[in-house]
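S.K.: With the sequence up front, the predicted model follows.
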Protein chains: 2
Amino acid sequence: MKRKVDLMFTDRLIERIISMKNHSIVGIDPSYSIIPQFLKDKYIGDNGGSIESISEMLYVFSIEIIDHIYDIVPAVKPQIAFFERYGSAGLKIFEKVCSYAKEKGLLVIADIKRGDIGSTCEAYAEYYLSNATGSLDCDAITINPYLGRDSINPFVEKCIDNDKGLFILVKTSNKSSIDIQDLISEQKRIYEHVAGIVSSLGEDFKGEKGYSPIGAVVGGTFKEEGEKLRQLMKNCYCLVPGFGAQGGVASDLPGYFNEDGLGAVINSSRGIIGAYLQDKYRHDYDEKSYGTAARMAAISMRDEINKCLREEGKMAW
Amino acid sequence: MKRKVDLMFTDRLIERIISMKNHSIVGIDPSYSIIPQFLKDKYIGDNGGSIESISEMLYVFSIEIIDHIYDIVPAVKPQIAFFERYGSAGLKIFEKVCSYAKEKGLLVIADIKRGDIGSTCEAYAEYYLSNATGSLDCDAITINPYLGRDSINPFVEKCIDNDKGLFILVKTSNKSSIDIQDLISEQKRIYEHVAGIVSSLGEDFKGEKGYSPIGAVVGGTFKEEGEKLRQLMKNCYCLVPGFGAQGGVASDLPGYFNEDGLGAVINSSRGIIGAYLQDKYRHDYDEKSYGTAARMAAISMRDEINKCLREEGKMAW
């Protein structure tokens, strides 16, 4: 395959972060409970709805969110599970949502967390990280490292060939991430071992700003771990989930950034797309205004994070 | 959701194993390189083929394999990546292949290796392990444990509610599985820690034969580890990949079984569905007879494993 002469993924990401003055991204996680009732009434009704009709509802919901945030956030992170929930019909909508976000100029990080033996990962990588006909319209994906280096390599190769990005799970935002990721081996946590792999995989491929397209997922719910991992993976971009609904707060986040004010994107899903359900917004925005409420929440998140970074002197612009 | 009064997954599996006198299962992994040339000529041709046409090819190939083995093997393990490679069109075929295998009486273990935070895994579990409209027609799935217990629980709950099965990655068959899985913490390998979780999750839910529906993936390429894990997870069924193309041999396998001659199913993918490419079969079977070659290879694998189990006195019938 011909190597495209586009900018490296991390340079494209940083360009958008700086032009929008925004380090936060929006997770498109259309779980059943977050869809406004008026959409459920229309697309599901009393008889349960067909899979196609429910999938169409996910599309309408996701598009409305994208229309309200595409000009203020650098990227979206659609979570495939909430589409895959409806099988092939849902995946078709996932593909359409990713393409729509790309058309609007957003970078798309497909949250898929795949991982398998090497020959199998080649098949995943062909769909998620190539530019071949029928491949997904996205810029980066998340993957799971439990199977080790030979399971990660096919993804890395495709990233380098096609200017895509990779975020490898290092320390996840959920409580039980301690079960395996925090076990100690040779005086290091398992997530530190994984961080070592992630860091080494990217060291030969740095973009104009010094960041590799091989990044890490580091949960925003563990401040100390985040700061430690920032030091262990200086040249890696970190995708930081867990802000908002999962408990992550802006004041914990500056440690996830390097001194250049770069190195992390902070994701919020439910906190943005379900803003219309929150006390803070529901008095001003009814459920039909869920898009506008999401925009207000995205602006608020952007400003909160920027304020905390400014206080720490970590400014990229 | 109402609990169905079917037999537990492991009891259904054991019933078929004993009635067919076969501990081996067939992995449906239709990678590009394994598809016979005459099918590529027909469905892809000179112009690359449409995604729909290529997906149709996967269907034709998979159905032919199933038609030739459904009466001699207890289960198939379709690998979703080789279908997902073609996006929603490919996933539609994956759904059709799973349904077809079920119609033929096979148990279906969908090899998906998913894993995410709890709320996201609920969405996956709804598609893969429920009996709701639009859910996948399968009996069991594989999942990845890197995110810990709260990421596994939604799958366990759905298994118990709907008589489905789960195989959690413990020690995988690939070489790099040592990178993370073999690290030592508190005098135990990481895979032993995971085995402890798997074993504890299933201990309250044993079927008629004493086996829990919460099982483990244990690679057939690491004999000593397999024997150790057998002892650590007495009541768990092990799904053992790696036989054949990945290097696993029958004489290494008896240690993966309990004294009752049960406790493991051995998977071969390329070794069976690509048998027509092997020296052993290609003189007698041309590429159009790939189904028959697969059947011959499946019989040979069944007999080899049974012979080794008989020699060790581990007979379930």
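M.R.: Structure received.
S.K.: Count the neighbours of residue A:306 for me.
M.R.: Using other C-beta atoms under 10 Å in any protein chain shown, residue A:306 has 20 neighbouring residues. (Each C-beta comes from the backbone N, C-alpha and C, glycine too.)
S.K.: and it, what is it in contact with?
M.R.: Contact analysis of residue A:306 by C-beta atoms under 8 Å, 6 or more residues apart in numbering or on different chains lists A:21, A:22, A:23.
S.K.: among these, which ones are buried?
M.R.: A:22, A:23 (16 or more other C-beta atoms under 10 Å in any protein chain shown).
S.K.: For chain B, state which of the contacts of residue A:306 is nearest.
M.R.: residue A:23 (21.4 Å; C-beta to the nearest C-beta).
S.K.: what's the pLDDT at the closest one?
M.R.: Looking at residue A:23, its pLDDT is 98.
S.K.: sorry, back to before: quick one: the contacts of residue A:306 as JSON lines, columns for secondary structure too.
M.R.: Shown next, in JSON lines, are the contacts of residue A:306 (DSSP: H, G, I helix; E, B strand; the rest coil):
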{"residue": "A:21", "secondary structure": "coil"}
{"residue": "A:22", "secondary structure": "coil"}
{"residue": "A:23", "secondary structure": "coil"}
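S.K.: So which of the contacts of residue A:306 would count as near chain B as well?
M.R.: Residues of those in contact with chain B (C-beta under 8 Å from any C-beta of the partner chain): none.
S.K.: Could you report the separation of residue A:45 from chain B?
M.R.: Shown here: residue A:45 relative to chain B, a distance of 14 Å by C-beta to the nearest C-beta, to the nearest Å.
S.K.: Now for that residue, how many residues are close by?
M.R.: Using other C-beta under 10 Å, residue A:45 is surrounded by 10 other residues.
S.K.: same question, residue A:200
M.R.: By the criterion of other C-beta under 10 Å, residue A:200 has 12 neighbours.
S.K.: part of a helix, is it?
M.R.: Yes: according to three-state DSSP, the state of residue A:200 is that of a helix.
S.K.: And the pLDDT at it?
M.R.: As predicted, residue A:200 sits at a pLDDT of 96.
S.K.: Report the separation between it and residue A:233.
M.R.: In this view, residue A:200 and residue A:233 are 10 Å apart by C-beta to C-beta, to the nearest Å.
S.K.: Also residue A:142?
M.R.: As judged by C-beta to C-beta, residue A:142 and residue A:233 stand 15 Å apart.
S.K.: Same question for residue A:99.
M.R.: Residue A:99 sits 31 Å away from residue A:233, going by C-beta to C-beta.
S.K.: Compare these two (neighbour count), which wins?
M.R.: A side-by-side neighbour count of residue A:99 and residue A:233, using other C-beta under 10 Å, places residue A:233 first with 27 against 14.
S.K.: What is the neighbour count of the closest residue to that one other than its chain neighbours?
M.R.: Spatially, and ignoring its direct neighbours in sequence, residue A:233 is nearest to residue A:199 (4.6 Å; C-beta to C-beta, 6 or more residues apart in numbering or on different chains). Neighbour count for residue A:199, taken as other C-beta under 10 Å: 19.
S.K.: and residue A:199, what does it touch?
M.R.: A:232, A:233, A:234, A:235, A:236.
S.K.: Looking at the residues you listed, state which has the most neighbours.
M.R.: For the contacts of residue A:199, the largest neighbour count, defined by other C-beta under 10 Å, is 29 neighbours, found at residue A:236.
S.K.: beta partners of it?
M.R.: Counting by DSSP bridges, residue A:236 is bridged to residue A:212.
S.K.: is it true that it touches residue A:213?
M.R.: No: contact criterion C-beta atoms under 8 Å: residue A:236 and residue A:213 do not qualify, at 9.3 Å.
S.K.: Need the residues touching each of the two.
M.R.: With contacts defined as C-beta under 8 Å, 6+ apart, the residues shared by residue A:236 and residue A:213 are residue A:202.
S.K.: can you give me the helices for the stretch 1-150 of chain A?
M.R.: Taking DSSP state H, counting those that start in this stretch as the criterion, the stretch 1-150 of chain A contains helices spanning A:9-20, A:37-43, A:51-69, A:81-84, A:87-103, A:118-129, A:149-162.
S.K.: which residues are contacting the last one?
M.R.: Put plainly, it is helix A:149-162. Residues outside helix A:149-162 that contact it (C-beta under 8 Å, 6+ apart): A:1, A:3-4, A:9, A:115-118, A:121-122, A:124-126, A:128-131, A:141, A:143, A:145, A:164-166, A:168, A:197, A:201, A:205, A:213-214, B:174-176, B:179.
S.K.: Of those residues, grab the buried ones for PyMOL.
M.R.: Those of those that count as buried under 16+ other C-beta under 10 Å are selected in PyMOL with:
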select buried, (chain A and resi 9+115+116+117+118+121+122+124+125+126+128+129+130+141+143+145+164+165+166+168+197+201+205+213+214) or (chain B and resi 174+175+176+179)
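S.K.: thinking again about what came up before, next one: the residue nearest to residue A:233 from residue A:170, what distance?
M.R.: Applying C-beta to C-beta to residue A:199 and residue A:170 gives a distance of 10 Å.
S.K.: list residues touching both of those two?
M.R.: Common contact partners of residue A:199 and residue A:170 (C-beta under 8 Å, 6+ apart): residue A:233.
S.K.: and the residue lying closest to residue A:314 once chain neighbours are set aside, which of the three is it?
M.R.: For residue A:314, ignoring the flanking residues on the chain, the nearest one in space by C-beta to C-beta, 6+ apart is residue A:261 at 4.4 Å. Secondary structure state of residue A:261, per three-state DSSP, is coil.
S.K.: quick one: residue A:261 and residue A:308 touch, right?
M.R.: No: in this structure, residue A:261 is not within contact of residue A:308 by C-beta under 8 Å, at 11.4 Å.
S.K.: Quick check on the two: which one has the bigger neighbour count.
M.R.: Ranked by neighbour count (other C-beta under 10 Å), residue A:261 and residue A:308 place residue A:261 first, with 20 against 17.
S.K.: What score does the more buried one have for pLDDT?
M.R.: In this prediction, residue A:261 carries a pLDDT score of 97.
S.K.: No further questions, thank you.
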